[in-house]
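S.K.: Fold the stuff below for me.
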Amino acid sequence: MKRKPRLPRRLQGGVVLVMTLIVLVALTLASLALVRSVDTSSLIAGNLAFKQSAAISADAGVEAAILWVRANGASLTDDQPSNGYYATRQDKLDLTGNALPETGDDDLDWNDDDQVKQLPKDAVGNQVSYVVHRMCNKPGPLDASTCSTEESEVEGNSEGGRLQMENDKPGGWPEVANRGLYRITVRVTGPRFNVAYAQTIIQQ
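M.R.: A predicted model of the protein is given here:
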């Protein structure tokens, strides 16, 4: 009976070494994939948390801008850059701050408190800044021919309109006034330099 030839011990050791290296490479790749998966999950969770806190911070910025506009109704005819207010719509302005090199009329530096209104950092470390643009083509008194406006009844006169419709008596229509439209843009920068924007339009 013939015996099967055995591999030399040196050759057997070489095969084991190769198999061990293959297993080590596979384990290394698996661990890298796991770490990457954990990092991605952490990044997604962090982004979601920032979006939630940014929404709350942006609301606070919008409210602050509205209060400022309401309190300064008599002085909204001209620019007030240090308060983040501009009396014209500035359609060419890139509100994300991505200035184009060939022109200077779209440069908005959100880090410059002479161009935007910066609020103190909130409890979670978000920096809130805002700008307000009156929807007009030029500064000066509100003019329906050069400004976007919205008609609204003067407070206290709606009753006259109701009586006019019911009794058809002359002189009962409510007084109507043109109110200017103002665009509020809020930028929120998080502790990790995440950035979010919010925008709304109000009338005054």
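S.K.: lowest-pLDDT helix or strand in the chain?
M.R.: Here the helix or strand of the chain ranked lowest by mean pLDDT, DSSP states H and E is helix 158-167, holding a mean of 46.
S.K.: Following the chain onward from it, which element is next?
M.R.: strand 176-189 (DSSP states H and E).
S.K.: export that following strand as CSV, just CAs?
M.R.: What follows is strand 176-189 as a C-alpha-only set of coordinates in CSV (Å, rounded to 0.1, in the frame of the first residue of the first chain):
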residue,chain,number,x,y,z
VAL,A,176,-57.5,101.1,2.8
ALA,A,177,-53.8,101.7,3.2
ASN,A,178,-50.8,100.4,1.3
ARG,A,179,-48.3,98.5,3.6
GLY,A,180,-44.8,97.8,2.5
LEU,A,181,-43.4,94.2,2.2
TYR,A,182,-40.2,93.3,4.0
ARG,A,183,-38.1,90.2,3.3
ILE,A,184,-36.3,88.8,6.4
THR,A,185,-33.4,86.4,5.9
VAL,A,186,-31.9,84.6,8.9
ARG,A,187,-28.6,82.7,8.9
VAL,A,188,-27.8,80.3,11.7
THR,A,189,-24.2,79.0,12.3
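S.K.: Strand partners (parallel or antiparallel) of whatever helix or strand comes next after that strand?
M.R.: Later in the chain than strand 176-189, the nearest helix or strand by DSSP H and E is strand 195-203. Applying DSSP bridges, strand 195-203 is found paired with strand 176-189 (antiparallel).
S.K.: Can you list the buried residues in the partner strand?
M.R.: Residues G180, L181, Y182, R183, I184, T185, V186, R187, V188, T189 are the ones in strand 176-189 that count as buried (16 or more other Cβ atoms under 10 Å). All C-beta atoms are positioned from the backbone trio N, CA, C, and that covers glycine.
S.K.: which residues of the chain fall in strands?
M.R.: Secondary structure of the chain (DSSP state E): strands at 85-86, 117-118, 127-134, 149-153, 176-189, 195-203.
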